[in-house]
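Structure of the sequence below:
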Amino acid sequence: MFFLVYVSSALKPFSKEDLVTLLEKSREHNATLGVSGMLLYKDGNFLQVLEGEEEQVKTLYAKITKDPRHKGVLTLLQGPSTDRDFPDWSMGFRDLVSPEVSEIPGYSHFLETPLTKAGFSSQPSRAKKLLLLFKKNM
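Predicted coordinates:
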């Protein structure tokens, strides 16, 4: 098993409809590849973890880095893993500016972390911690 966590910035803000379309296409495509993970979106920035067989994850990530809808793709963490952290998620998703986010049991101000290079580059492990916190509380 292999995982990869990255951040990027949208070239233009995604509407809720844009995010739903992205999610639907990602879920379908990732399921065929055997890739699971989670995508967080906030203030025009994405934080995503992908997990699966190394070749599949790296091939998908190479495709993602070329997607013209975003820029500034930065790999935060990657490596082998004994198990999937998101085994039942072909692609989990959360828009962090939705009002209901603050109503999630266990809500923490840590969830307000900006999804930017600056927000994670000094401590990349915080990115995975944030993704796992959402998994636990969703």
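
make it CA atoms for all contacts and neighbour counts henceforth
Will do.

Now do the closest residue to residue 86 other than its chain neighbours against residue 11, distance only.
Among residues not flanking residue 86 along the chain, residue 37 sits closest, at 5.4 Å (Cα to Cα, 6 or more residues apart in numbering). Computed as Cα to Cα, to the nearest Å, the residue 37 to residue 11 distance reads 23 Å.

before we move on, the earlier item: give the bridge partners for the residue nearest to residue 86, please.
residue 50 (DSSP bridges).

That one: neighbouring residues, count only.
26 (other Cα atoms under 10 Å).

And for residue 24?
11.

and it, what are its phi and psi?
Geometry field for residue 24 lists phi and psi as phi -60, psi -50, criterion degrees, to the nearest 10.

how close does residue 12 sit to residue 131?
Counting by Cα to Cα - residue 12 and residue 131 are separated by 23 Å.

where exactly do the helices run in this structure?
Taking DSSP state H as the test, the helices found in the chain are 16-33, 54-65, 117-120, 125-137.

Now the last one: average pLDDT?
This points to helix 125-137. Here helix 125-137 scores 68 as its mean pLDDT.

With the third one instead?
For helix 117-120, mean pLDDT is 65.

One more: the longest one?
Taken as a whole, helix 16-33 has a mean pLDDT of 84.

Confirm for me that residue 87 is in contact with residue 36.
Yes: at 6.2 Å, residue 87 counts as touching residue 36 under the criterion of Cα atoms under 8 Å.

Which residue of these two possesses the greater neighbour count?
Taking other Cα under 10 Å, residue 87 and residue 36 do not tie; residue 36 has more neighbours (24 against 14).

Next one: that one from residue 72, what distance?
Taking Cα to Cα as the measure, residue 36 falls 23 Å from residue 72.

Residue 54 too?
Residue 54 is 23 Å from residue 72, by Cα to Cα.

Look at these two and report which has more neighbours.
Ranked by neighbour count (other Cα under 10 Å), residue 54 and residue 72 place residue 54 first, with 18 against 15.
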